[in-house]
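Asker: here you go, sequence then predicted model.
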Amino acid sequence: MKSSQDIFELFSEIPDPEIPVISIVELGVIRFIEVLDEISIQIIITPTYSGCPAMKQIEDDVRKKLIEHGFSVIDIKTIFSPPWTTDWITQETKEKLRKYGIAPPEETTQDKSWLLGIEKKITCPRCKSLNTKLISQFGSTACKALHQCQACLEPFDYFKCI
C-alpha cells in the first residue's frame with residue numbers, strides 16, 4: 001500500500017497549470033493526504049485565492065494521477081482555512097519562479113506595510129534592478145501583479161505576498 005509520502009511525491013510530478021515550472025506541491029496547495037486503503041484516498045487542497053480558476057484543473061490532474069496509480073475511491077476536498085499563504089513557498093521554489101521571469105514574494109505575510117500605503121520596490125527577475133514600478137494590481141493571474149522594470153524596460157509578474 002502506498003503511503004501519504006509516496007502520494008505526495010507523485011503529486012510533485014504535477015505542474016501548476018498557470019506556472020508550469022513549479023509543481024502543485026511546491027506551490028503549497030496540497031494540504032493533507034490520507035491513504036485509507038489500497039483503493040481509497042482523501043486529499044485536501046487549498047487554493048491560492050478563493051476564486052482561483054486553476055483549482056478545477058489541479059483537482060482533475062490529482063484525480064488522474066491517483067487513478068493511474070490504482071485508486072478508484074477518491075475524495076478531494078477544498079478548504080479555505082487556514083488560508084493559503086506565500087509563506088508556504090520555499091526559497092528553492094522562489095528561485096524557480098525568478099528564473100522563469102516571475103518575481104517571487106520578497107517579504108512574509110507578517111509584513112503589512114502596504115496597508116499604510118508604503119509601496120515596496122520589487123526586484124526585477126531579469127536584471128535584478130530595484131528600479132521597478134507597479135503597472136496593475138493584477139497580472140496574468142489574480143495571484144500576481146504586473147510590474148515593469150525601469151532599467152531593462154521589461155514587464156514582469158510579481159507573485160503577490162498573501
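Answerer: Great, that's in hand.
Asker: what's the domain layout of the protein?
Answerer: Following automatic domain parsing, one finds the domains of the chain at 4-78, 86-159.
Asker: format those as TSV; extra columns: mean neighbour count.
Answerer: For every residue, glycine as well, the C-beta is placed using N, CA and C. Converted to TSV, those look like this (neighbours: other Cβ atoms under 10 Å):
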stretch	mean neighbour count
domain 4-78	16
domain 86-159	15
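Asker: in a markdown table: these, plus mean pLDDT.
Answerer: Output for those, formatted as a markdown table (pLDDT from 0 to 100):
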| stretch | mean pLDDT |
| --- | --- |
| domain 4-78 | 95 |
| domain 86-159 | 87 |
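Asker: quick one: end-to-end length of stretch 79-93, please.
Answerer: 23 Å (Cα to Cα, to the nearest Å).
Asker: name the residues that touch that stretch?
Answerer: With contact meaning Cβ atoms under 8 Å, 6 or more residues apart in numbering, stretch 79-93 is reached by 22, 26-29, 31, 44-50, 97, 104-105, 108-109, 159-162.
Asker: just the strands from the chain, written as ranges.
Answerer: Assigned by DSSP state E, the strands in the chain fall at 30-35, 40-45, 73-78, 102-103, 132-136, 144-149, 155-159.
Asker: and the residue nearest the centre of the chain?
Answerer: residue 27 (3.3 Å; Cα atoms, centre = their mean).
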